[in-house]
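Chemist: task: produce atomic coordinates for the following.
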Amino acid sequence: MRDSAEVPGGVAEHLRSLCLRLPECVEEAAWVGTRWRVGTRTFAHVVLVDSGWPPAYARAVGADGPLVVLTFYAPDPDVEALSSYGPPFFRPPWAPNIMGVVLDPGTDWDDIAELLVESYRFRAPRRLSSQLEDPEP
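Modeler: Predicted structure coming up:
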């Protein structure tokens, strides 16, 4: 089994800095990769796909790697919109409100930050999500 150390350090650090500023966010090693949770609910998970492993992620993204993928949650309208964009976005089959994105040198980290905040809002209890500033109109 692969471990979280295989996700390139710069990517993991960048995601860590974005996630851990959210209220009561916890980072932990997942069965593969690293995940960030609020309470018992995962809102972000980063994994290295390499040589077709892990197979569920390789199938979902449609590539054997090596590549780094981030999965996150979104409400139905956002899932539909992001799915229509195509790469670097993909839609994993294991949960109805989950989305994935391939992270590469061209990744727009401001967009990723927004997606992570929205994923957190979607998964967090109201008492925590209400602590975040309202998004700009």
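Chemist: longest helix in the chain, by residue count?
Modeler: Looking across the chain with DSSP state H, the single longest helix is helix 109-123.
Chemist: what helices or strands is that one leaning on?
Modeler: Helix 109-123 makes packing contacts with helix 9-19, strand 41-49, strand 67-73, strand 98-103 when contacts are defined by 3 or more C-beta pairs under 8 Å, 6 or more residues apart in numbering; DSSP states H and E. Yep, even glycine has a C-beta here, placed from its N, CA and C like the rest.
Chemist: switch to 6 Å and redo it
Modeler: Helix 109-123 sits against strand 41-49, strand 67-73, with contacts defined as 3 or more C-beta pairs under 6 Å, 6 or more residues apart in numbering; DSSP states H and E.
Chemist: that one vs strand 41-49, what angle?
Modeler: Using axes from the mean of the first three to the mean of the last three C-alpha atoms, to 10 degrees, one finds that helix 109-123 and strand 41-49 are set 140 degrees apart in direction.
Chemist: quick check: closest non-adjacent residue to Ala12.
Modeler: Spatial nearest neighbour of Ala12, excluding adjacent residues (C-beta to C-beta, 6 or more residues apart in numbering): Thr34 at 6.2 Å.
Chemist: related to what we said a few turns ago, how about the helices and strands packed on helix 109-123 in JSON lines, adding mean neighbour count and mean pLDDT?
Modeler: Listed next are the helices and strands packed on helix 109-123 as JSON lines, based on neighbours: other C-beta atoms under 10 Å; pLDDT from 0 to 100:
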{"stretch": "strand 41-49", "mean neighbour count": "23", "mean pLDDT": "97"}
{"stretch": "strand 67-73", "mean neighbour count": "23", "mean pLDDT": "97"}
